[in-house]
Each structure stands twice: as C-alpha cells, then as structure tokens.
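**Student:** Below are the sequence and a predicted model for it; my questions follow.
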Amino acid sequence: PQSVSDAVLGGIDGCITTHGKFEHAFGYYVARIQFQKQPGHWSAFWINGPGIHKVGTEGRDGAEIDIMEKPWLDDRVTHNVHWDGYGKDHKHDGTRVEVPGIMEGFHTFGLWWRPDEYIFYVDGKETWRTKKGICQMPEYILLSDEIGKWGGDITKAKLPDQSLVDYV
C-alpha cells in the first residue's frame, strides 16, 4: 500500500503460521493471548489448510477453524468454521460469545478438535460446540492480526498498539 488509507481499504496482515512445519488433525489446541487496546485490529487464532477450497465433502477434506477472532474492543469473541471454499458454495457455522473482562490481561483460547466434533473454550470453560464442517485432514495453525476491514479504522487508533501471544 502507498498510504495508511490504502492499507485500511485493502487490509494488511501480520501472521505467524506453522504451514510446512507442523500440520496435524485432531487434538487440543490452545493459545494464551492479550488483546489490542485500539481500533483497527482483527486478531485471530485459527487453523486452516489447502483443502478449504475443495467443495462437496462437508469440510472433511479441509475447513477454516477460527478458534478465536476478535475485531471488537468489547467483551465479544467469535468462533467460526468455514468449509467448501469462499465462493458460491461456501458454508459456515459460528457464534459470538461474551466473556466479561476479556479485554484485560491474558486469556486462553482452546479448541478440542475431535473426529466428530469441535469444542471451543475460553479460559478453560466451554463456550461453543459444533458437529458441522469437521475436517479429517492435517492442517496448520495461524496467529494473525489484520489491520482494516472487519477490525475497524486503524487511522482512529493511538499507536503503537499490539496484541500479544504468550504461548501456543
């Protein structure tokens, strides 16, 4: 981008991924995260793989599993599962949960990925479960912080600002 406004319109993403280093199916995934304090961020802890673009197997060959997405500066977080690509065949299941005090200090976000179900946790407490879009293939982990788009207007932020990850 040529300017901050170009970045806001197009979105910029800082991301750490295990792609090509650690790809796994099933098990318990957890990260301890402290959120940003200013508008304009869309922080996420998620799992994905190349099979997300395959259509017709209800996610068995690949799904985007959003363990946590946080574009808001309030007590909400969202958990989502996407499968069958991002086009006309796209399918989705998800929820928003309120976690009082989530903007203060560090919190853990977990996923128990079972062969027949996803179970989501915040601070060790179950917040949502679904049996939709259950991937059966190894996928990789991502920790990202996107600027612009869903996270709001970064030009209104008092910078510097950051989201922090203690461990995964």
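**Tutor:** Everything's here; your move.
**Student:** Contacts for stretch 107-116, please.
**Tutor:** 25-34, 45, 47, 65, 67-68, 77, 99, 118-124, 131, 134-136 (C-beta atoms under 8 Å, 6 or more residues apart in numbering). For every residue, glycine as well, the C-beta is placed using N, CA and C.
**Student:** can you do 7 Å?
**Tutor:** 26-33, 45, 65, 67-68, 118-124, 131, 134, 136 (C-beta atoms under 7 Å, 6 or more residues apart in numbering).
**Student:** Name the residues of it that are buried.
**Tutor:** By neighbour count on 16 or more other C-beta atoms under 10 Å, the buried set for stretch 107-116 is 107-113.
**Student:** Toward the C-terminus, what is the element adjacent to the one helix or strand Ala31 maps to?
**Tutor:** Per DSSP states H and E, Ala31 falls inside strand 27-34. Counting by DSSP H and E, the next helix or strand C-terminal to strand 27-34 is strand 41-48.
**Student:** Looking at that next one now, give me its mean pLDDT.
**Tutor:** Average pLDDT, strand 41-48: 95.
**Student:** Any idea how many residues pack against the closest residue to His19 other than its chain neighbours?
**Tutor:** Nearest residue to His19, sequence neighbours excluded (C-beta to C-beta, 6 or more residues apart in numbering): Tyr140, at 4.3 Å. Tyr140 is flanked by 17 other residues according to other C-beta atoms under 10 Å.
**Student:** Return the distance of Tyr140 relative to His24.
**Tutor:** In this view, Tyr140 and His24 are 8 Å apart by C-beta to C-beta, to the nearest Å.
**Student:** ditto for Ile52
**Tutor:** Distance, Ile52 to His24, using C-beta to C-beta: 16 Å.
**Student:** quick one: which of these two has more around it?
**Tutor:** Taking other C-beta under 10 Å, Ile52 and His24 do not tie; Ile52 has more neighbours (23 against 14).
**Student:** what sits against the nearest residue to that one once chain neighbours are set aside?
**Tutor:** Take Ile52 and drop its neighbours on the chain: the residue closest to it by C-beta to C-beta, 6+ apart is Gly62, 4.3 Å away. Applying C-beta under 7 Å, 6+ apart, we find Gly62 in contact with 49-52, 54, 83, 135, 137.
**Student:** Contacts for whatever helix or strand the residue nearest to His19 lives in next, please.
**Tutor:** Using DSSP H and E, Tyr140 maps to strand 139-147. By C-beta under 7 Å, 6+ apart, the surrounding residues in contact with strand 139-147 are 7-8, 11-19, 22-23, 25, 29, 31, 40-49, 154, 163, 165, 168.
**Student:** could you point out which element follows it?
**Tutor:** Following strand 139-147 in sequence order, the next helix or strand is strand 164-167 (DSSP H and E).
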